[in-house]
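# Below are the sequence and a predicted model for it; my questions follow.
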Amino acid sequence: MSHAPARPPDRPKRVVVLGATGSIGTNTLDVVRHLPGRLAVLGLTAHASWEQLAGQCREFRPRHAVLCDWEAFRAADRSAFPPETELLSGEDAVARVAADPDADIVVSAVVGAAGLHGTWAALEAGKTVALANKETLVVAGPLVTELAARRGARLLPVDSEHSAVFQALTGHGPSDVSRVVLTGSGGPFRGRTAAELADATPEQALRHPTWNMGPKISVDSATLMNKALEVIEARWLFDLPPDRIDVIVHPESVVHSFVEFADGSVLAQLSPPDMRLPIQYALLYPDRVSGPAKRLDWKALSALRFEAPDRATFAALDLGFEVAANGGTCGAVLNAANEVAVGRFLAGRLPFLGIARCCRAVLDAHDYDPRPSLDRLLALDRWARHEANRWTETR
Ligand code: NDP
Ligand code: MG
């Protein structure tokens, strides 16, 4: 077997990062920082963190920076940004930067359904999208993958489990696959009973055992809603029916998922829990070069444990399988209800176990449509937020 080493490109790939100031965004910039010959920053967006964004612009000198929040844009000190960076505001600006003709790859790292807009604009422009924002596929999976196919755009997963599956699938088509098994750490409440979780606090939920992430996905990991959203993400990303997707708890977060093939062979991808590796893999795909991500220390790795998830206590997980099977409007409704419920929980206004209950109630109340348009999905997103707010206020 002979492998030609990956030829260094003539120029660095030009990267746009949507959600640059978040956990994935800053990890992405760390990868760029370590690979200056390979990667350069063309555009950065944030919601309101203008001081952090300005610091990133001083370091990476992008052509464009966007603050989505108008108040933050007005408050931002222009002199903190380098002269070559044009500071913009609003959704149109995000779409413009995501579709910049000079962009080679767009990292979609905004949190929540708010990330759909920029991802959509990038795909419409035929860009390669490194997708961290799983909510994009949860809300509008079939429309998003259809758009990518129609525009000749490419979706590369950043979510560690989906990156693992993508890597294990190299050279294989759907008919070779018997099932995909997504691993999850089990979160900070693994092994707890429902009674023990009745008084779980935001502080406890945010203390993730293996990953350091933004607040929303940290709470999603505690409820197992994150795994539920990942089942839906895998369903659309790999065009897999949900009965060929499974979930297993793996507390060490070293095996990032399994692909079981038709012949019984199982391939997995292993690495320490460090998002810089799946980010780098998507940014440089298909090249593999030495980067900043931590390496496995085999001597320190005493055991890899696997256990079945507790679906009764962590009721969100079954919602994910149900929504992946029913498709249509269900993903948009589940996602919006969850965003509201997580916000309420973090504000101390909804008990931990109320998050999944709220999602169940809003899903059950919604007017199901098997083949919704994007406009209908966006309208249902607004409806579900309203409904979830109403539900939590009356509890
Ligand atoms: P963070 O909360 O850390 O960061 C979110 C980013 O999005 C920030 O840059 C924020 O800007 C920006 N943002 C927030 N709201 C809006 C909005 N309404 N409009 C535009 N921009 C907005 O999130 P994470 O980095 O943890 O997660 C990002 C995505 O990646 C999520 O979809 C998550 O599920 C996914 N993911 C994350 C992983 C992780 O390790 N963190 C792992 C796998 C997937 P500002 O700072 O100004 O508020
Ligand atoms: Mg994940």
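In hand now; what should we look at? Numbers count the residues shown, from 1 in each chain. Ligands and ions are numbered 1, 2, ... in the order given.
# So which residues of the stretch 151-300 of the chain form helices?
For the stretch 151-300 of the chain, helices defined by DSSP state H, counting those that start in this stretch occupy the ranges 160-168, 194-197, 202-205, 215-223, 225-237, 276-284.
# CSV please, covering the ones you listed and showing mean neighbour count, mean pLDDT and distance to residue 356.
To be clear about C-beta, it is placed using only N, CA and C from the backbone, and glycine gets the same treatment. Formatted as CSV, these follow (neighbours: other CB atoms under 10 Å; pLDDT from 0 to 100; distance: least, CB to CB, whole Å):
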stretch, mean neighbour count, mean pLDDT, distance to residue 356
helix 160-168, 25, 98, 20
helix 194-197, 13, 98, 10
helix 202-205, 16, 98, 13
helix 215-223, 24, 98, 6
helix 225-237, 27, 98, 7
helix 276-284, 25, 98, 27
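# for ligand 1, what are the nearby residues on this structure?
Neighbours of ligand 1 within the chain, by CB under 6 Å from any ligand atom: 19-25, 46-49, 68, 109-111, 114-115, 132-135, 159, 211, 213-214, 216-217, 275.
# which of these are close to ligand 2?
Checking the residues of the chain next to ligand 1 against ligand 2 by CB under 5 Å from the ion, the ones in range are residue 159.
# Can you tell me which of the residues of the chain next to ligand 1 are buried?
Buried residues within the residues of the chain next to ligand 1, counting neighbours by 16 or more other CB atoms under 10 Å: 19-25, 46-49, 68, 109-111, 114-115, 132-135, 159, 211, 213-214, 216-217, 275.
# sorry, back to before: which members of the residues of the chain next to ligand 1 are positioned in helices?
Among those, DSSP state H puts 23, 24, 25, 135, 216, 217 in helices.
# which among these gets closest to residue 283?
residue 24 (11.9 Å; CB to CB).
# Just to check, that closest one is in contact with residue 131?
No - using CB atoms under 8 Å, residue 24 makes no contact with residue 131, being 10.3 Å away.
# shared neighbours of these two, anything?
residue 158 (CB atoms under 8 Å, 6 or more residues apart in numbering).
# per-residue confidence for the closest residue to residue 227 other than its chain neighbours?
Excluding the flanking residues, the one nearest residue 227 by CB to CB, 6 or more residues apart in numbering is residue 184, at 4.5 Å. For residue 184, the pLDDT comes out at 98.
# and if you look at residue 2?
At residue 2, the model reports a pLDDT of 45.
# hmm, back to that, I'd like the helices of the stretch 151-300 of the chain laid out as JSON lines, including distance to residue 377.
Putting the helices of the stretch 151-300 of the chain into JSON lines (distance: least, CB to CB, whole Å) gives the following:
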{"stretch": "helix 160-168", "distance to residue 377": "21"}
{"stretch": "helix 194-197", "distance to residue 377": "32"}
{"stretch": "helix 202-205", "distance to residue 377": "28"}
{"stretch": "helix 215-223", "distance to residue 377": "20"}
{"stretch": "helix 225-237", "distance to residue 377": "13"}
{"stretch": "helix 276-284", "distance to residue 377": "25"}
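# who wins for proximity to residue 378 among those?
helix 225-237 (17.5 Å).
# so what's the closest residue to residue 78 other than its chain neighbours up against?
Spatial nearest neighbour of residue 78, chain neighbours left out: residue 87 (6.5 Å); criterion: CB to CB, 6+ apart. By CB under 8 Å, 6+ apart, the residues touching residue 87 are 65, 66, 67, 73, 76, 78, 81.
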